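Enquirer: this one's structure only:
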């Protein structure tokens, strides 16, 4: 299985849904193996359980035979796109030239 990056809690369920489908497993089968309800799993896979209990999530992960890896990521800088670009040359050379 490929590596899937998850940045928000409600993205984990849909990522695990991809893993379940890749294993050709039904929701009912996964729910049974993981010891969770099928309706709960359905909502979790739909991204509707962003505050799901960690023990339930870990049982689903274990039942799928996948792993979760934590890694530090470098934050990306974002700048407003509606501002005019700054002309650095005019700032450096400025009126004192």
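Expert: Great, that's in hand. What you are looking at is a predicted structure, and each value in this text was computed from that prediction instead of being measured. Residues are numbered from 1 along each chain as shown.
Enquirer: When you work out contacts or count neighbours from here on, use the C-alpha atoms and nothing else.
Expert: OK.
Enquirer: could you check the distance from residue 38 over to residue 54?
Expert: 17 Å (C-alpha to C-alpha, to the nearest Å).
Enquirer: Please identify which of these two sits among more neighbours.
Expert: Between residue 38 and residue 54, counted using other C-alpha atoms under 10 Å, the more crowded position is residue 38 (17 against 9).
Enquirer: ok now do that one, which residues does it touch?
Expert: By C-alpha atoms under 8 Å, 6 or more residues apart in numbering, the contact list for residue 38 reads 27-28, 31-32.
Enquirer: try it again with 10 Å
Expert: By C-alpha atoms under 10 Å, 6 or more residues apart in numbering, the contact set of residue 38 is 26-32, 44.
Enquirer: now the helices for the chain?
Expert: In the chain, the helices defined using DSSP state H lie at 12-22, 27-34, 38-45, 54-64, 88-93.
Enquirer: any idea how far residue 93 is from the closest residue to residue 60 other than its chain neighbours?
Expert: Here the nearest residue to residue 60 in space, its sequence neighbours aside, is residue 34; by C-alpha to C-alpha, 6 or more residues apart in numbering that works out to 5.2 Å. Shown here: residue 34 relative to residue 93, a distance of 66 Å by C-alpha to C-alpha.
Enquirer: related to what we said a few turns ago, measure the residue nearest to residue 60 to residue 44 for me?
Expert: In terms of C-alpha to C-alpha, residue 34 sits 13 Å off from residue 44.
Enquirer: between the two, what contacts are shared?
Expert: residue 57.
Enquirer: Comparing residue 34 and residue 93, which residue is more hemmed in?
Expert: The neighbour comparison of residue 34 against residue 93 (other C-alpha under 10 Å) goes to residue 34, with 20 against 9.
Enquirer: Could you pull up the residues touching the more buried one?
Expert: 28, 41, 56-64.
Enquirer: ok, 8 Å please
Expert: Counted by C-alpha under 8 Å, 6+ apart, residue 34 has contacts 56, 59-60, 62-63.
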